[in-house]
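# heads up, no residue letters with this:
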């Protein structure tokens, strides 16, 4: 099964869940729609579109020509970054994440370390001093 | 037409020039680098504009938009790789000129053409202001709903060749827009007991994720961009009188084509540039030179692409319909500052409309000067390593998402939107329709329900009111258009390495 068909299948299942959820919501009165109508219609429409996509011959995604491991690793890194927010000091967290990212994408230690630290310091100054953001 | 004194005020403001300069600087960076688009720049910059006044924010964002579209022509000319889809047509004659040792002239024409196209499009925007403001007085919920439906129908146009996939992402955008408390009854929808979701999905982190993080991940997985070999000469930027004389007609024709295409929702600057180039070839005395280094072809493509900015602003500001992804992000930024683009904007805030016109003019002027004297630096930007740019975009995107509300939930939203956007884009699902749905969804739903409440549930209200009927007919025509138009690309057009056509 092609990737786009998998996505369409997930959309179809999701749209069914949406329609089912809206069945318990107020439907409106005297011809004036309540909060359920629009999401329910959208759910049905998404279901129909997803079914068309499931039946359409899908094309495979373009091959990943580089950074095969770095792309999923970066996604994980971003999740770690989000999870570490307010737990680890912003500057330290940012420097560590940037350093890891640079190493993942093939940058030498000698370039990656000073660049990551420099960028983290700059961002901390920009956000905390420049914009008054508290981390 | 707005009061001339309103147009003059930004021109005399030091602040306005400063923020336009900042925007132009950032736009040069995002536009010059293939893959780093104007939309991405707008999405990344928008959270940071929260800390400045609305007019200063608009100055930065418009400066970025104008200069990014112009700067996209630089790699198109020097590397045969368009920096933005709007500059695809510039590769056809710009790069052959560079290979003939006339890179400087091509870059100069790119700058002059950008200024000419934008200037003429602003004249049209000013002329359109008065009739649109009169029309705005007749708008009620039914008309607003019809306008929103018309805007949503343009999903077909911004789907980049896959209508069903575009419709799917458009519907996802509409569904995301209903999350939170219902604006009419206060009923919580899809909040799952989470208080963070009561206000709905934060628009800015979603944009940052879809156009910033997803774009970086997509670039990481794609082929490395071509590097500049340093052989391009960037002197001799102005054409001689003999060279310039026949170019005016082509520049004017290209501008008019770009304005017209820009006004039409869902037909962006890339379409304007391609059609302008094609029309110019038809009227040229030397059509055989097109695609081989024709100055006429280059000026037509450049004016066509840049004139689309002013044309697009007509529909974006007057109707609140984003014609492309960049305009959608711009509308999001305006909403963040409490400004609702749409029919009432011309009536209630003529000062803002005048300010926007003046700021676009200022941005085009700065871009012209920068384009003529900063060509060497522009060429150097192309040598920045990808890794540093990716890291900057990722860190700034997440930091900006957090900074807006100082909420870690927004950071998670941006990360989730980035991964979601990357996964869908890999499978050919365009992201433009999702943003369109997210923006127009609330407008469509609330006005549908208000109109039905006023008409006591009668759907006839949408077809018995003339303005509403016109927009609904336009929406139907837009949806049916693909059935009547020829599919595929014009085989007579030169080939080019085209970046993701989803974004500007």
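Yes, it's here. Bear in mind the structure is a predicted one, so any value in this text is a computation, not a measurement.

# what about the residue nearest to the spatial centre of chain A, helix or strand, and which?
Residue closest to the average C-alpha location in chain A (CA atoms, centre = their mean): residue A:75, at 8.7 Å. In this assignment (DSSP states H and E), residue A:75 forms part of helix A:70-84.

# Would you map the strands across the chain?
Answering for chain A, as no chain was given. For chain A, the strands defined by DSSP state E cover A:28-29, A:32-33.

# Hmm, no, I was thinking of chain B.
Residue ranges of the strands in chain B, as given by DSSP E, are B:180-181, B:188-189.

# OK, contacts around the residue nearest to the centre of chain A?
Residues in contact with residue A:75 (CB atoms under 8 Å, 6 or more residues apart in numbering or on different chains) are B:217, B:419, B:422. In this view, the C-beta of every residue, glycine as well, is placed from N, C-alpha and C.

# how does it look with 6 Å?
residue B:419 (CB atoms under 6 Å, 6 or more residues apart in numbering or on different chains).

# next one: residue B:192
Shown in contact with residue B:192 (CB under 6 Å, 6+ apart): no residues.

# how near is it to residue A:21?
Distance of residue B:192 to residue A:21, given as CB to CB, to the nearest Å: 10 Å.

# Then residue B:373?
According to CB to CB, residue B:373 and residue A:21 sit 59 Å apart.

# try residue B:48
Distance, residue B:48 to residue A:21, using CB to CB: 36 Å.

# These two: which is more packed in?
residue B:48 (20 against 16; other CB atoms under 10 Å in any protein chain shown).

# In contact with that one, which residues?
residue B:400.

# same question, residue B:43
B:207, B:208, B:211, B:212, B:329.

# which parts of chain B sit against chain A?
B:51, B:164, B:167-168, B:171, B:174-175, B:178, B:182, B:185, B:187, B:189, B:217, B:220-221, B:223, B:387, B:391, B:395, B:399, B:403, B:408, B:411-412, B:415, B:419, B:426-427, B:445, B:449, B:452-453, B:457 (CB under 6 Å from any CB of the partner chain).

# Give me the buried subset of these.
Neighbour-count burial (16 or more other CB atoms under 10 Å in any protein chain shown) applied to these gives B:164, B:167-168, B:171, B:174-175, B:178, B:182, B:189, B:217, B:220-221, B:387, B:391, B:395, B:399, B:403, B:408, B:411-412, B:415, B:419, B:426-427, B:445, B:449, B:452-453.

# From those, which land in helices?
B:164, B:167-168, B:171, B:174-175, B:178, B:217, B:220-221, B:387, B:391, B:395, B:399, B:403, B:408, B:411-412, B:415, B:419, B:426, B:445, B:449, B:452-453 (DSSP state H).

# re the thing from before, including distance to residue B:115 and mean neighbour count, could the strands of chain A go into TSV?
Shown next, in TSV, are these (distance: least, CB to CB, whole Å; neighbours: other CB atoms under 10 Å in any protein chain shown):
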stretch	distance to residue B:115	mean neighbour count
strand A:28-29	54	14
strand A:32-33	50	18
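
# Select, out of the ones you listed, the one closest to chain B.
Nearest to chain B, of all those, is strand A:32-33, at 4.7 Å by CB to the nearest CB.

# quick one: residue A:13 and residue A:50, what's the gap?
Distance, residue A:13 to residue A:50, using CB to CB: 8 Å.

# Counting neighbours, go ahead and name the busier of these two.
Ranked by neighbour count (other CB under 10 Å), residue A:13 and residue A:50 place residue A:50 first, with 25 against 12.

# Could you verify my assumption that residue B:173 touches residue B:437?
Yes: between residue B:173 and residue B:437 a contact is recorded at 2.5 Å, counting by CB atoms under 6 Å.

# What does the pLDDT read for the most centrally placed residue in chain B?
Residue closest to the mean C-alpha point of chain B, counted by CA atoms, centre = their mean, is residue B:326 at 2.9 Å. For residue B:326, the pLDDT comes out at 81.
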